[in-house]
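> Predicted coordinates and the sequence they were generated for:
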Amino acid sequence: MTLIVNDSIVEDIKNTLPKSRRKLAPTVSALSTPTAPPPPSPRSDRIQHLGMDSNFVEVPLPMDKLSLSSHESDIGCERNQMFIVLLSAGSFNPPTYMHLRMFELAKDALEAQGYVVIGGYMSPANDAYKKMDLLPAIHRVQLCELACRSSSFVMVDPWEAKQSSYQRTLTVLSRIQGSLCHGGSIKKESLKVLLLCGSDLLESFVIPGVWLVDQVSTICRDFGIVCIRREGKDIENIIASNEILQQHKSNIFSVDEIVPNQISSTKVRECIRRGLSVKYLTPDEVIDYIKVHKLFISDC
Ligand SMILES: Nc1ncnc2c1ncn2[C@@H]1O[C@H](COP(=O)(O)OP(=O)(O)OP(=O)(O)O)[C@@H](O)[C@H]1O
Ligand SMILES: NC(=O)c1ccc[n+]([C@@H]2O[C@H](COP(=O)(O)O)[C@@H](O)[C@H]2O)c1
């Protein structure tokens, strides 16, 4: 993993938006950029740092694969050790081996820098995200559960998917941090919750209207990002093109793919529609579930 330090060109990100980010359902406002989610209510913006609210559906954060007891956390504090929890927010429509690889790549890179990765979460987007062809969240949560069965540290947080409205990623990061630190089981000062993403998602940060500017600042400053290079996307240029990312570049970790892998959910869906095999693109359990429930055969 390299810490990005670069002042390079400013790109017109809108024109370089990857294909995977150009296909929101037509229900999304024409004024918004392609992946702009519906704006959350002012109320949910106001409460995002305050923990659980009565308007939220309560869902306990799974912790079965977390490799840390409170005792170890105390030791970590003494040794000035920083523990990391990774959050991958996405449609997972369906989850693929690359989604799982991202956690492995990030863990290796962070641990090479002395961090201790104690767990990771996949958070499938709420149905209100309304991306084209999006399966109902109930299926995507189940598919993610099946996908991460073989992982020793990746879990599914179904909280976002179970809410009655769209939830912004900052809210999900805050909820995870709050749940882990609640009751002092992990000390806030020895825990970093990082947003794990591909470079296409980082690119969307700098597209006006997709993210709230002050939320990008908060994510970069109070949390941090670990970004996996995707299909040759130049992470350094993306950071250099945006003042906020540039300001917080020391909190943005860039990870190179050791083995380039262009598996995407779109390609998996295409194969299924064409009746082609998706074996070795996603775990067998995921394939079996898709077959049993006859998913992705036609447009949703
Ligand atoms: N091959 C890949 N390399 C790097 N990052 C990836 C890759 N596939 C997915 N990601 C990242 O995983 C996260 C969740 O992605 P998402 O669920 O949208 O998958 P996707 O394959 O991009 O989906 P779709 O093809 O439906 O747009 C995003 O941060 C995305 O950048
Ligand atoms: N403002 C925001 O919080 C915001 C904006 C755009 C996308 N996202 C999230 O990023 C992820 C992107 O997923 P896809 O790559 O499947 O489009 C989703 O989880 C989505 O909710 C969040």
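Everything's here; your move. Ligands and ions are numbered 1, 2, ... in the order given.
> Would you state the strands of the protein in chain order?
Remark: strands assigned in the chain by DSSP state E are 2-3, 83-90, 116-124, 154-156, 191-198, 225-228, 252-255.
> Would you mind giving these as CSV with distance to ligand 1, mean neighbour count and mean pLDDT added?
C-beta coordinates here come from the backbone N, C-alpha and C atoms, glycine included. Listed next are those as CSV, based on distance: least, CB to the nearest ligand atom, whole Å; neighbours: other CB atoms under 10 Å; pLDDT from 0 to 100:
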stretch, distance to ligand 1, mean neighbour count, mean pLDDT
strand 2-3, 16, 12, 30
strand 83-90, 2, 24, 98
strand 116-124, 8, 25, 98
strand 154-156, 13, 22, 98
strand 191-198, 2, 24, 97
strand 225-228, 4, 26, 98
strand 252-255, 9, 23, 97
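> Columns distance to ligand 2 on top of these, output as a markdown table?
Output for the strands of the chain, formatted as a markdown table (distance: least, CB to the nearest ligand atom, whole Å):
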| stretch | distance to ligand 2 |
| --- | --- |
| strand 2-3 | 23 |
| strand 83-90 | 3 |
| strand 116-124 | 7 |
| strand 154-156 | 13 |
| strand 191-198 | 8 |
| strand 225-228 | 12 |
| strand 252-255 | 16 |
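> Including distance to Arg175, could the ones you listed go into a markdown table?
Formatted as a markdown table, the strands of the chain follow (distance: least, CB to CB, whole Å):
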| stretch | distance to Arg175 |
| --- | --- |
| strand 2-3 | 28 |
| strand 83-90 | 10 |
| strand 116-124 | 9 |
| strand 154-156 | 14 |
| strand 191-198 | 10 |
| strand 225-228 | 18 |
| strand 252-255 | 22 |
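> Let me know the pLDDT of the residue of the stretch 201-300 of the chain at minimum distance from ligand 2.
Taking CB to the nearest ligand atom, ligand 2 has its nearest neighbour within the stretch 201-300 of the chain at Trp211, 4.1 Å off. Looking at Trp211, its pLDDT reads 97.
> which residues touch it?
Ser204, Phe205 (CB atoms under 8 Å, 6 or more residues apart in numbering).
> Would you mind measuring from it to ligand 1?
Taking CB to the nearest ligand atom, to the nearest Å as the measure, Trp211 falls 13 Å from ligand 1.
> Same question for Val210.
13 Å.
> count of neighbours near that residue?
Other residues near Val210 come to 20 when the count uses other CB atoms under 10 Å.
> Check whether it really touches Ser204, as I assumed.
Yes. Counting by CB atoms under 8 Å, Ser204 is a contact partner of Val210 at 4.9 Å.
> which parts of the stretch 201-300 of the chain sit against ligand 2?
Leu201, Ser204, Val210, Trp211, Leu212, Gln215 (CB under 6 Å from any ligand atom).
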